[in-house]
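1. Next one to model:
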Amino acid sequence: MKIPSSWPLHLVWLIVTFSAFVVGSKQRSASNASDQSNSSISPGRSSLTADASSPESIASMQRRKREGAATEQEKANLLAQSLGTNLNVSLDSLAILALRDPSHVTRRIAFARLLESMTPENAEKIRQQMTEMGADNEQWRDFQYSLGAVIGKAAFDDPENNKREGALAAILSGWAAAKPQEALAMWENLPKELEDKRDELTRGLVNGLADTDRTMATALVLRLQDQGFKDTAGLMSMVATETLRADGAEAASIWSDQLPDGAIKGAAMNRIANEFARSNPEAAAKWVSRYADQDFAASAIERVTRPWTEKNPEAAVSWLESLPAGRGQNTGLQTAFNDWEDRDPAAATKYLSSMPNSPQRDTSISGFTSGYAWQNPQMAIQWAGSISDPKMRQRSLTQAGQIYFRQNPAEATKWLQTSGLSPEIQQQITNPPRR
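-> Next up is the predicted model:
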């Protein structure tokens, strides 16, 4: 039975590459040590692979079971051997590499291969191996995902699978990725004893559907929104994550455009925006600009702003100034200047000086001072004092003053005496909250 995509399966290419590299290295070493002829040997199908089936190699691995150690030769043998469809690899030997090997890379490769080898007949044995060798929580989640993909409904009938937190959700996720219609039908008719886990299982279902059929996953989340499910934004973020991974940022942005306006679209945009901006900030900015007057897009605007500011802060700020006034523009300007001051405070202050008095300038100064106060609290206080909006000015002065007091209480106290701030604000400054 074909097991659906999950991180272990995404590592299949790594198994091939690692095995070919290690085995190939062993071949070169052996060749240099002897005067054998330069015969052409395909990586991963060397004489080492044939030797891996010898009783000595398996016995050596068994002797090291308690110590959790294996030679590089044995690792190469077993991993290369596990790639062959006609070679019989001991699950015990593979499990030792997967669960006991000192190298985390080897453990991941071997564990991915172990899960790929799972069948309805050997699933229980793999579970026993994991229990005996102390598998970690992440490995258990991946085992449960693969178990659901391999045996489906039968996994829910085994009480052993309900002993770990989140196990049934992971099982349903794997089942949904392998056989989405069967998993969906079971979720729609949950047994009474599982009703208290419906929310958890719903997340598992959507996660699995997103692995294999994002259209189906999207439709389910929209249906759940109509039914009043409380976290459809989080569910849609799951679908966005898989869409981003599978199709790339630009295609994912087009997919999100089809979603109805509101929190559910905002969640998808949030997941996509940062990676889109890292690869193509101008295109990402053009995309989110279409929703700049909507509050649900404010976080996405901020997530486009940050990586663009790293590359070209003036271009990022100029773009933000072109947006309609609102939450998105405010959040973006605060983020841009908070980051810009950290990289080039002189350039940031020069740009601030060129801005006309406006709500946008006030917001930009607020973002600048909130970060710059850690570098130069006196200068940050001067900038905060130039903010026109009284409430924003007071808030920025308070924040900068608290940082000043943390760094230099004596000098900050002298400043407060002539600051003109109210006793209540001075009290806040001299009693800053714990960081």
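
2. Test for you: state the pLDDT assigned to residue 37.
-> We note a pLDDT of 36 for residue 37 in this prediction.

3. What are the boundaries of the helices in the stretch 201-350 of the chain?
-> According to DSSP state H, counting those that start in this stretch, the stretch 201-350 of the chain carries its helices in the segments 214-226, 232-247, 249-257, 263-279, 281-289, 298-311, 313-322, 327-343, 345-354.

4. For residue 137, which of the ones you listed is the nearest?
-> Distance to residue 137, taken as CB to CB, is lowest for helix 232-247 among those, at 19.3 Å. For every residue, glycine as well, the C-beta is placed using N, CA and C.

5. give me phi/psi at residue 385?
-> Listed backbone geometry of residue 385 is phi -70, psi -10, with angles given as degrees, to the nearest 10.

6. what's the neighbour count on it?
-> The burial metric for residue 385, expressed as a neighbour count using other CB atoms under 10 Å, is 15.

7. In contact with it, which residues?
-> Residues in contact with residue 385, defined by CB atoms under 8 Å, 6 or more residues apart in numbering, are 393, 397.

8. how much space between it and residue 178?
-> Counting by CB to CB, to the nearest Å, the gap between residue 385 and residue 178 amounts to 63 Å.

9. Then residue 292?
-> In this structure, residue 292 lies at 41 Å from residue 178, with CB to CB as the measure.

10. How about residue 295?
-> Going from residue 295 to residue 178 by CB to CB gives 39 Å.

11. Equivalent analysis for residue 146, please.
-> Note on residue 146: its distance to residue 178, by CB to CB, is 9 Å.

12. Pick out whichever of these two has more residues nearby.
-> A side-by-side neighbour count of residue 146 and residue 178, using other CB under 10 Å, places residue 146 first with 28 against 24.

13. Around residue 213, how many other residues sit close by?
-> Residue 213 sits with 16 neighbouring residues when counted by other CB under 10 Å.

14. quick one, phi/psi of it?
-> Backbone torsions for residue 213, taken as degrees, to the nearest 10, come to phi -150, psi 90.

15. In contact with the nearest residue to it once chain neighbours are set aside, which residues are there?
-> What sits nearest to residue 213 in space, not counting adjacent residues and going by CB to CB, 6 or more residues apart in numbering, is residue 180, at 5.5 Å. Contacts of residue 180 were listed using CB under 8 Å, 6+ apart, and they are 208, 209, 212, 213, 216.

16. okay if I get the residues you listed as JSON lines plus distance to residue 359 and pLDDT?
-> Output for those, formatted as JSON lines (distance: CB to CB, whole Å; pLDDT from 0 to 100):
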{"residue": "208", "distance to residue 359": "46", "pLDDT": "97"}
{"residue": "209", "distance to residue 359": "44", "pLDDT": "97"}
{"residue": "212", "distance to residue 359": "48", "pLDDT": "93"}
{"residue": "213", "distance to residue 359": "46", "pLDDT": "94"}
{"residue": "216", "distance to residue 359": "45", "pLDDT": "97"}
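
17. Now render those as CSV, adding distance to residue 378.
-> Formatted as CSV, these follow (distance: CB to CB, whole Å):
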residue, distance to residue 378
208, 56
209, 56
212, 59
213, 59
216, 59
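
18. which one of the residues you listed sits closest to residue 232?
-> For residue 232, the closest of those turns out to be residue 209, at 14.0 Å, with distances computed as CB to CB.

19. Tell me which residues touch the closest residue to the closest one other than its chain neighbours, please.
-> Of all residues not flanking residue 209 in the chain, residue 217 sits nearest, at 3.8 Å (CB to CB, 6+ apart). With contact taken as CB under 8 Å, 6+ apart, residue 217 is in contact with 206, 209, 210, 238, 239, 242.

20. please redo it, this time with the cut-off set to 6 Å
-> Taking CB atoms under 6 Å, 6 or more residues apart in numbering as the contact definition, residue 217 lies against 206, 209, 210, 239.

21. Could you measure from the second one over to residue 238?
-> To tie it back to what came earlier, the one meant is residue 209. When distance is defined by CB to CB, residue 209 is 9 Å away from residue 238.

22. Settle it for me: which of the two has more neighbours?
-> For residue 209 against residue 238, the residue with the higher neighbour count under other CB under 10 Å is residue 209, and the figures read 28 against 22.

23. So that one sits against residue 216, correct?
-> Yes - at 5.3 Å, residue 209 and residue 216 qualify as touching, with contact defined as CB atoms under 6 Å.

24. Check which helices and strands the helix or strand encompassing residue 379 sits against.
-> Here residue 379, judged by DSSP states H and E, is contained in helix 377-384. Based on contacts counted as 3 or more CB pairs under 6 Å, 6 or more residues apart in numbering; DSSP states H and E, the elements that helix 377-384 packs against are helix 359-372, helix 390-407.

25. The shortest one versus helix 345-354: what angle between them?
-> Between the direction of helix 359-372 and that of helix 345-354, the angle (axes from the mean of the first three to the mean of the last three CA atoms, to 10 degrees) works out to 160 degrees.

26. Appreciated, that's everything.
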